[in-house]
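*Asks:* Show me the folded form of this:
(one chain, ligands or ions: 1)
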Amino acid sequence: MAMGMSVLTTICVVLSLILGVSATPGTATFYTNYVPSACYRNQNNGVMIAAASDPLWANGAICGKMYNVTCTGPTNPVPHPCTGNSVIVKIVDHCPGCGGTLDLSREAFATIANPVAGIIKIDYH
Ligand SMILES: *[C@@H]1O[C@H](CO)[C@@H](O)[C@H](O)[C@H]1NC(C)=O
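*Replies:* Numbering: from 1, shown residues only. I've put the predicted structure just below:
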């Protein structure tokens, strides 16, 4: 029994190591009003930016992190929203209660998907 548990623990550790370096699935929406932001107040950080949802926000510890975001598919009836591109964004804001994992700038969203879709499935790392 103890033996079985430690094998299980090892498998979990190895799995989380693998997942740690690979992409995490989520969903993304977009927004258009970039300044002021929760991380940088009135400082302009360009347009390749994103806001973190509550589960990622961690009291602002995520501020300044860069994510490579790829569109993986639709979440609604808009067919084939993905452009096939990926985009690197910097976390500059917090979106409390937003509809997805990441709230991308409209420019970042438009790089990876058709904005008409509104919300898409993503992988990010
Ligand atoms: C972002 O991720 C995608 C898919 O994982 C990869 O093809 C692309 O090269 C990455 N871009 C950068 C700049 O790391």
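*Asks:* what residues are up against the most centrally placed residue in the chain?
*Replies:* For the chain, Leu102 is the residue whose C-alpha lies nearest the centre (CA atoms, centre = their mean; 4.0 Å). Applying CB atoms under 8 Å, 6 or more residues apart in numbering, we find Leu102 in contact with 26-29, 50-53, 56, 67, 69, 89, 122, 124. For every residue, glycine as well, the C-beta is placed using N, CA and C.
*Asks:* Out of these, grab the one that's most surrounded.
*Replies:* Per-residue neighbour counts (other CB atoms under 10 Å) across the contacts of Leu102 peak at Ala50, which has 30 neighbours.
*Asks:* so where does that one fall, helix or strand?
*Replies:* Under the criterion of DSSP states H and E, Ala50 resides in strand 49-53.
*Asks:* List the strands paired with that strand, with their directions.
*Replies:* In its sheet, strand 49-53 lies beside strand 86-95 (parallel), strand 102-105 (antiparallel), with partners assigned from DSSP bridges.
*Asks:* that older thread, which one of the contacts of Leu102 is nearest Tyr40?
*Replies:* Each of the contacts of Leu102 was checked against Tyr40 using CB to CB; the closest is Ala51, at 11.6 Å.
*Asks:* which residues pair with that closest one across the strands?
*Replies:* The partner residues for Ala51, given DSSP bridges, come to Asp93, Asp103.
*Asks:* For it, report the pLDDT, please.
*Replies:* The pLDDT attached to Ala51 in the predicted structure is 98.
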